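>>> this one's structure only:
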């Protein structure tokens, strides 16, 4: 009997212990922290917790792409211009397609006529004949040549007297030598313009001839055919010699009448200009 009572007591005690384990624990006296309530929505995170999966975006974030700024176009290149002025004579520009010029100056006896005033290359006022004035202008022109030019000269009466055998660069040394050569020219003899023009044109580099003369030719071609026949023969000689089609600009120094007509015809035949000078 006693054994049965003990067994029953043990069973009751174990049942009470098990029941106590399933009962919620009441809050501690004195306002202690309450136990976390059970999650009322099973399957979702409890309040106060973070589901890390919900922090991830559903799509990759869209990053704004900045609008590209077009590059600033460079400034257009500054046109390259030739700083050198064209050469001149008697105030007229001399234009040569290949930077060459051949001066032909009449030194016949009539170039010693007609004394008048002129301005020297150094700016002084002087008095002299046609040739003196022409020499002054020729000197100024040579000194005005850009360094990229080539040039040559010849003087003539019934003969021809070249300065150089061929074109030379327009550097300081050659210009100074040319000025010295010009200074010693003196008027003499008759006028052989045709042979002189043909001699200057025989240099096939020559694309611009400057002819300084006071009138019609009278020796070297067509001498027995009268004034007009002689002028025609000299004109034809120049035309036939100009196979490179050089421009011939003529400056008539006090030229009048038939003399001026001849000078104008030579310029016209060779795509050049005629200018009256004194």
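Nice, thanks for sending it over. Predicted model, so just to flag it, every value in this text is computed and none were measured. Residues are numbered from 1 along each chain as shown.

>>> Every contact and neighbour count from this point should use C-alpha atoms.
Fine.

>>> List the residues that contact residue 112.
Going by C-alpha atoms under 8 Å, 6 or more residues apart in numbering, residue 112 touches 129, 130, 131, 187.

>>> Residue 227 and residue 218 touch, don't they?
Yes - between residue 227 and residue 218 there is a contact under C-alpha atoms under 8 Å: 7.4 Å.

>>> Tell me which of the two has more neighbours.
Neighbours per residue (other C-alpha atoms under 10 Å) separate residue 227 from residue 218, with residue 218 holding more: 22 against 16.

>>> Now do the same for the more buried one: helix, strand or coil?
Three-state assignment for residue 218 (DSSP: H, G, I helix; E, B strand; the rest coil): coil.

>>> Tell me how far it lies from residue 206.
25 Å (C-alpha to C-alpha, to the nearest Å).

>>> Could you list the low-pLDDT ranges of the protein?
For the chain, the stretches with pLDDT under 70 are 1-84.

>>> those helices in it, which residues are they?
Using DSSP state H, the helices of the chain run over 2-22, 130-143, 172-183, 193-201, 226-241, 257-269.

>>> quick one, which of those helices is packed in tightest?
helix 193-201 (a mean of 26; mean count of other C-alpha atoms under 10 Å).

>>> which other helices and strands contact that one?
strand 100-106, strand 150-156, strand 160-162, strand 208-213, helix 226-241 (3 or more C-alpha pairs under 8 Å, 6 or more residues apart in numbering; DSSP states H and E).

>>> mind running it again at 10 Å?
Other elements packing on helix 193-201 under the criterion 3 or more C-alpha pairs under 10 Å, 6 or more residues apart in numbering; DSSP states H and E are strand 100-106, strand 150-156, strand 160-162, strand 208-213, helix 226-241, helix 257-269.

>>> which outside residues touch the last one?
Contact with helix 257-269 is made by 193-194, 197, 209-217, 227-228, 231-232, 234-236, 238-239, 242, 247-256, 272-276, as judged by C-alpha atoms under 10 Å, 6 or more residues apart in numbering.

>>> one more time with 8 Å
Counting by C-alpha under 8 Å, 6+ apart, 214-216, 231, 235, 238-239, 247-252, 273-274 sit against helix 257-269.

>>> What of the third one?
With C-alpha under 8 Å, 6+ apart as the contact definition, strand 160-162 has outside contacts at 152, 153, 154, 155, 195, 196, 199.

>>> try 10 Å this time
In contact with strand 160-162 (C-alpha under 10 Å, 6+ apart) are residues 103-107, 152-156, 192-193, 195-197, 199-200.

>>> can you check stretch 115-126 too?
In contact with stretch 115-126 (C-alpha under 10 Å, 6+ apart) are residues 127-141, 143, 278.
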